[in-house]
Structures are given as C-alpha cells and as structure tokens.
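Novice: sequence first, then the predicted structure, then my questions.
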Amino acid sequence: AQPSAFGRCKQSMFCALRAAAARATVRAVHVRARGAFAARVAAMPLRLRCASFYTDASNFGPGPLYGLSRTLSTEPTPPDKRAAQELDLPEPSVLQDDKDEAKTTTSTCTTDDTDSAARKEQLHSTGRTLTMSLLGNVLIAATKFYAYSVTGHSAMFTEAVHTLVDVGNQAILQIGLRQVQRAPDKAFQYGYGRAAFFFSLLSALSTFGFGSIYTFYEGVQHILHPPAEALSAGWTWGVLGISLAVDGVVLRTAWQDARRRAEAMKLSTTKWLLAFKDPFTVAVVLEDGAAVAGVGIAGIGIALTELSGSPIWDGLASVSISLVLAAVSLQLVKLNHEFILGRPLDSEITSAIKHDVLLKRQSIDSVFAVQSQWLGSNAFSYKAEVDFDGTYLASLLYRPYEKELLAAAARNTLKDDLGWIMPCFAEDVVRQLEKEVTAIQREIRRHHPEAIYVEIVPDSSNPARLALEDMSGLTRKVELAQLKALMQRGDHEAQFTLGNIYLNLRQHDKAESLFNACLEQRRGIFGETHPEYARALERVGLAQLYLGRLFLAQDCALEAGTIFAGLPDCKLELAACSEILGHIQQRWVYPLKALAHFVKALEIRESVPEVPEALIAHSLDLIAGVHSLLPVARVEGIKVCERLLALRERLDGKDSQAVRDVLLRKADLLAKEGQGQAAVRALARALAITEQIKGTGSLETAAVLRNMGTVLMDLHEWTIALPYLQRALQIREALLDANHPDVLSLIDMLSDLYPKMGLAMPPHWPN
C-alpha cells in the first residue's frame, strides 16, 4: 500500500531532521578534532622528545593529508563538493580513508577480542585448578588430623599442618584471582594484574611461616623429646595413600594445564614455570609437588619408625618436610618479589620486538633506549625511543607538495605561499608520524598480544641541529637516491637499490627485509635460475651475515654461487658469493678456509677485464687480514701488503687513511717476523700520516706512538722508545680517565722501562 500524503510528508521531515542532526554531529566532531590537533601541534616542539603518541591519527582528522587537501586546493570546486565544504564535511576521498581506517580498526578490535577471550579462558582454567586443589586439600587435611589424633606420629602431624596451610593458600589465591579479573579504573589505570603476584606472595609467606617454620619446630621437639610410644594402624597407610592419590591428581591436572600453555608459547614446561607466566598455576604446581613429596617423606619416616622402634625417624621426616616447604616458599617469594618490583621482559621478547618489528620498518632508523616491565601474568608495558627516518616521511608527502610548490613557483608566488604551505607540511608530517606510531603499536600487539601498553617515543640522534646543517654533498646524493627508491617502493629494482643504501647506512634489518621482498618478486618474475634472482639472493646472504645469521648466509651464498657459476657474465657476483663464504669461515675461526675463499674471490676478479681496482684492493685487504692471523703465512702477508700499499697509494693518495691502515698492518707483520727496523720505518710513515689527518693530540696518534715504542723496546732501543711512550701516555691521560685500561697499560710498560734506564717513577703512578 502506498503511504498517504501526510505519511510521506512526515517521512520526509524525519529524514531531513536526521540528515541535519548527522551533519551537525560531524561538524562538531571535526571542529573538536581540529581544535585538539592544533593544540597538540602547538605543544609539539616543547615535548617532542617525551611525547607518547598513543592516540590514533584518525582522532585528529579524517585521514592523511587532510590539511593539504583542505587548504592547498586551487582547482574549481565541483558542485557536489561545495555543499560539503560549506558544512565543513570531509571530501569523498577523505571519507574513503576513514572507511579504510575503520576496517583496520575493526580487524584490530577483532584481534583484541580474540586475545581477551584467550585470557578469559586462561583465567577460567586457573580457577578450575585452584578449586580442585582447594577441595582436595580440605578432604586430605581432615583425614590427616584424625590419623594424627589416633597415632601420634610427628610426620603425620606435619603433613596435616602442611595440608591445612595449603587450604589457606588456595583460599588466598582464589581472592587474588577475583581481583586480577577487575578492569582498569581511575584508581589503578594499569589494571590489577600485579595483584596476582601480591596474593601469590602472601601464599608463599604463609607456607614458609605456618608450614615450614612450625613443622620444623615440631620435628625438632619430636627428636629432642620423643614420645614414649607412637601407635599405628593399618588405615594410617590408607590415609597416606588417599592423600597421595588426591594430591597426585591435582598435581597432574595443574601440570597438564601448565604444559598446554607452555606449548602454546613454544616453551618447555619448566621454562614456562620459571618465567612465572601465571603465578596461581605455578603456586599450585609447586605446592602440590611439595605435598606429594611430603607424603612420600612422611611414609618413609613412619615406616622406619615402625621397623626400628625409634621415634627419631618420625621427627627427621618432619624436619625434611619442613625443608621442602621452605625451599618451595622461598622460590615463590623470590619470583613474586621480582615481579612486584617490576621485572623487565626477557631478552628474547625485547630482541624480537626490536629486530622483527621496529628495525624492519622503513620509517625507523635506529632504536636507542628500551624500557619494559610485566604488569601482570599476561600483560606487559613496552617503551622504546626511536629515531624516525625523515626521508621515509618525505616520500609519503612528496607528490602532493611537489605539485603545489611547482605551481606556486610558476605563479611567482612561492615566497608568499610558503607561509601557509610550510604549516600544512608540518601538520601532515606530524599526522603521518602519528599514523606510523599507531601502525607500529598494532604490529607489536599482533606479534605479542600481552603488550597491553606500548609507548613509542620519537628521539632524534641529533636534535640540537637542523637536518639542513648536516646535508653535505655526499649526504644529499644518498638522500636523493633513498627518496627516489622509496617513492617506487613496489618495484623490485627500487627495493634492491634501497636495500643497498640501507646496507651502507648499517641498517641491516631493513636491508634484509627489502632484499627478501625483492627476492620474492624476482622469483615470480624471472624464476629461480635467473641472474637477477641470484643477485637478490646474494644480497640476502650479505644482510644475514651482518645480522649474525651465519647458516642462513651460507645457504644463500652457496645457492647464489651455484647459479652464477653457470653464467660467464656474472664473475664479479660469483666473487662476491665467495667473499661472503670467506667471512663466514672467519667468524667460525677457520682462517685457512677463509683464506681459500678470499683468494678465490681475488682470482675471479682478476680474470675479469677492466675490473675496478677498488675491488682488487678490497680482496687484497681481506687476504692480508687473514695472513696476520697465521704465523706460517706472515711472509706471504708482507708481500700482499706491499702490493696493496702500491694500489692504495694510486687510488687514494700517499697520505690517505687507507695507506696508513696498510702501513700499520705491514708493520705488525714485520714485527712478528723479527724485522724490527723495517717495522719502525713503516710505523714512522704511519705516524706522520696519522698526525696529518687526526692531529698530534688524538687517540689514534697515541696508538701509533705506543706501537712504535713497543717495537723499539723489543729491539732494546730503550732510549729511543722512551719519548714515544711518554708522549702516548701524555695524550691518553689528557683524553681518558686515569684508571682507563689504555692508560694503565702504558704505565705498566714505562714502569718496566724506567728501572732499566735508572729513572725514578712518578709518585702519582699506581704501584
């Protein structure tokens, strides 16, 4: 049936009112959001180093580049957008960003709900274990006290008191479990997770005070003043059997629960217990384990008493049980004490967050300081100070701002337009930074659901200087290459280039991640026998080498080398693979195998026509380094150094630092071969170059002076060696602490030299 005219009018009025209310709500939300964002941006320069970007960037405006899209629009506004701008509504593209953000938020909430359900299941399992233990201990305590009233055995009394204490402990733990389940509130904003450690500590103190100390006292009294006669009955053994069965069932249930949860975390059960992931379950396992051990000790004591007729065995069993209780309670006290104070995360967790999450993100250059602590059995807080990569943020904003800046330059209004372009750029940089921090927090929680509170603090490596002041010619080239590669981040060639840049910047985690992505793309495009695939594989191996993953690096280098070996145009790449294998063998302290790989790399490079001499020099440097470690190869090492020295002089100049390094290595080999005079000549030239490059008062100069003095002392040229060593000591005392090892080593050398020359040692030198 069609609605009446009045019904249609009523429906139209209702829709209009609802639309007006929606527009007013959106307008109010965005006005508040922009006001909060403006206040935050105004405060940013004052608190950038201590800011905590917890809030999602979507709370400050609809999506990325919102300020730019609203402010920098110079094109005519379409009719369908004009009304939205008049009502201060976001544009359709921005609304799409909000939809994407809502999808991400929904998926995150789903993950959080799953984690919450898992935590609830863990708490339910823990509560079931506690209830079973409580009911079992009530039954056992009653039977043990009755057995003691009939027999008078001290061991039976000790076991009865032990079980009664366990009943009280289970009740205490039940109270703690209820408090742990409380949600955070204004009084305790980090929640009540640490209540688990407090109540577990009370349980441990109860075991130690009422269980261990009292039963120890009773056992000693029983030894010193044994009863005239201790009765026994057949059902006494029945009581012990029932106790053993009930405690065994409870212990088995708690142990299975602990093992199941340890397997879920890929830990052994023992390591899971010592990690104290659930203090309630750990307390039940340890206390019921002590109960089972106590029943066994009590049975042994009663049996020896009946067989020998001496009640001393009964008292000794009581003392032994008290010692078991003391060991368990003190271990629980120690664990709870650490967590109440704020035990940090295990190094495995912090290292995984740092290397698997933070350093693999292209937005982060380095991680400075990390702070963490457990807030409960299944919750921890994590804080990291990171240096964000400004080039990465610039790549996100480059295209739209390039368009505006070029348009302003074409209009000859760039100078005037900078006044509003720069604030918009700063605002969008902050928004991109906030979005990146939010993404980092979500990724950390995805890998570690226990990370309830994650704080990422931006902290520049040099906040006192502007980046413009550090932008030298070489730095500009690196930044331009990095920016270009970042703006083409989906292309495998750009990933390969960017990975090499990160390798040179010593950002090996990011390089390894990019090379792996490039490798997967090239596998799909070229296949696994193509040289482009092998080049990416060799780079993955090099990154793995720098990260210390030697077996993975070896596999990559061997596979890539096999591919390159069948390609005559890839000899330089084959030499690079051989060089990686040499570094691996050197790390494994196999110098002969390393030398063989380095020599092979040199031979391959020398077989390539017009090979860059820098590659030859690099191979010779590696070979000379291995020769210095092998006594049988020092003569050959000296020859390699002479060839390398001539090559470095031609490439870098006679007074370069590279030449100095070769001279120092050559002098070391000459001194070890007994050619002291030749070593002195090499050191004299190295000293002159060092003073020219580093200055006469530098630590590098002091190191060369010390080497010179050492060689001269070996030649018994004490008079000549003395001024070199004195000057080296003078430099180090001026730059280092008086107790620095380098200062003390020089004092030791001079302390041996002064008596030989009849000189008195200075009084301020340590004896």
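Specialist: Now that the structure is in, tell me what you want to look at.
Novice: go through the helix or strand that Gln482 is a member of and flag the buried ones.
Specialist: Taking DSSP states H and E as the definition, Gln482 sits inside helix 473-487. Buried positions in helix 473-487, judged by neighbour count with 16 or more other C-beta atoms under 10 Å: 479, 482, 485-486. (Each C-beta comes from the backbone N, C-alpha and C, glycine too.)
Novice: how far does the strand or helix carrying Val711 sit from its chain's centre?
Specialist: Using DSSP H and E, Val711 sits in helix 699-714. From the chain centre to the centre of helix 699-714 is a distance of 40 Å (C-alpha atoms, centre = their mean, to the nearest Å).
Novice: can you tell me what sits against it?
Specialist: 664, 667-668, 671, 676, 679-680, 683-684, 686-687, 690-691, 694-695, 718, 720-722, 724-725, 727-728, 731-732, 735-736, 742, 746, 749, 753 (C-beta atoms under 8 Å, 6 or more residues apart in numbering).
Novice: separate out the buried members of those residues.
Specialist: Neighbour-count burial within the contacts of helix 699-714 applies to 664, 667-668, 671, 676, 679-680, 683, 686-687, 690-691, 694, 718, 721-722, 724-725, 727-728, 731-732, 742, 746, 749, 753; the criterion is 16+ other C-beta under 10 Å.
Novice: neighbours around Ala204, how many?
Specialist: 26 (other C-beta atoms under 10 Å).
Novice: swap in Arg128?
Specialist: Neighbours of Arg128 (other C-beta under 10 Å): 12.
Novice: tell me, what residue is most central in this protein?
Specialist: Centroid-nearest residue in the chain: Ser351, 2.4 Å away (criterion: C-alpha atoms, centre = their mean).
Novice: okay, and that residue sits in which element?
Specialist: Assigned by DSSP H and E, Ser351 falls in helix 347-353.
Novice: out of the buried residues of helix 473-487, which is nearest to Met132?
Specialist: Leu486 (58.2 Å; C-beta to C-beta).
Novice: and the nearest residue to that closest one once chain neighbours are set aside, what pLDDT?
Specialist: In this structure, Leu486 finds its nearest non-sequential neighbour in Ser395, 3.7 Å apart by C-beta to C-beta, 6 or more residues apart in numbering. pLDDT, Ser395: 88.
Novice: output the contacting helices and strands for the strand or helix carrying Ser395.
Specialist: Assigned by DSSP H and E, Ser395 falls within helix 390-410. Packing contacts for helix 390-410, counted by 3 or more C-beta pairs under 8 Å, 6 or more residues apart in numbering; DSSP states H and E, involve helix 66-71, helix 414-447, helix 473-487.
Novice: can you list the buried residues in the second one?
Specialist: Okay, so that is helix 414-447. 417, 421, 424-425, 427-438, 440-445.
Novice: give the other helices and strands that whichever helix or strand comes after it contacts.
Specialist: Once helix 414-447 ends, the next helix or strand along the chain (criterion: DSSP H and E) is strand 451-458. Applying 3+ C-beta pairs under 8 Å, 6+ apart, we find strand 451-458 packed against strand 379-388, helix 414-447.
Novice: try it again with 10 Å
Specialist: helix 347-353, strand 364-376, strand 379-388, helix 414-447 (3 or more C-beta pairs under 10 Å, 6 or more residues apart in numbering; DSSP states H and E).
Novice: and of the ones you listed, who's closest to Ile638?
Specialist: That would be strand 364-376 among these, by C-beta to C-beta, at 40.3 Å.
Novice: Ala195 - nearest residue in space that isn't next to it in sequence?
Specialist: Closest to Ala195 by C-beta to C-beta, 6+ apart is Gln179, at 4.3 Å.
Novice: and the one you found, what does it touch?
Specialist: 192-196, 198-199 (C-beta atoms under 10 Å, 6 or more residues apart in numbering).
Novice: would you check which pair of the residues you listed lies furthest apart?
Specialist: Gly193 and Phe199 (11.7 Å).
Novice: quick one: contacts for Arg343?
Specialist: Arg343 touches 197, 275-276, 335-337, 372-374, 380, counting by C-beta under 10 Å, 6+ apart.
Novice: kindly indicate whether it is helix, strand or coil.
Specialist: coil (DSSP: H, G, I helix; E, B strand; the rest coil).
Novice: so Glu415 sits right up against Ala408, yeah?
Specialist: If you look again at residue 415, you'll see it is Lys, not Glu. Yes - shown here, Lys415 and Ala408 form a contact pair, counting by C-beta atoms under 10 Å, at 8.7 Å.
Novice: CA atoms of stretch 342-349 as PDB?
Specialist: The C-alpha atoms that make up stretch 342-349 are tabulated as PDB, following Å, rounded to 0.1, in the frame of the first residue of the first chain:
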ATOM      1  CA  GLY A 342      58.600  -4.600  38.000                       C
ATOM      2  CA  ARG A 343      60.600  -7.400  36.300                       C
ATOM      3  CA  PRO A 344      61.600  -6.500  32.800                       C
ATOM      4  CA  LEU A 345      60.800  -8.600  29.800                       C
ATOM      5  CA  ASP A 346      63.000 -11.400  28.800                       C
ATOM      6  CA  SER A 347      65.800 -10.500  26.300                       C
ATOM      7  CA  GLU A 348      64.200 -12.900  23.800                       C
ATOM      8  CA  ILE A 349      61.000 -10.800  23.700                       C
END
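Novice: how about low-confidence regions in the stretch 1-150 of the chain?
Specialist: For the stretch 1-150 of the chain, the stretches flagged by pLDDT under 70 are 1-126, 129.
Novice: confidence-wise, which helix or strand of the protein is lowest on average?
Specialist: Least confident helix or strand, the chain: helix 66-71 with a mean of 34, by mean pLDDT, DSSP states H and E.
Novice: ok so, going back, next, the buried residues of the helix holding Val711.
Specialist: So for helix 699-714, counting by 16+ other C-beta under 10 Å, buried means 700-713.
Novice: now swap in stretch 746-756 and tell me
Specialist: Neighbour count says stretch 746-756 has 746-747, 749-750, 753-754 buried, by 16+ other C-beta under 10 Å.
Novice: narrow those residues to those in helices?
Specialist: Judged by DSSP state H, the buried residues of stretch 746-756 include 746-747, 749-750, 753-754 as members of helices.
Novice: nearest to Gly548 among those residues?
Specialist: With C-beta to C-beta as the yardstick, the closest approach to Gly548 among these comes from Leu746, at 33.9 Å.
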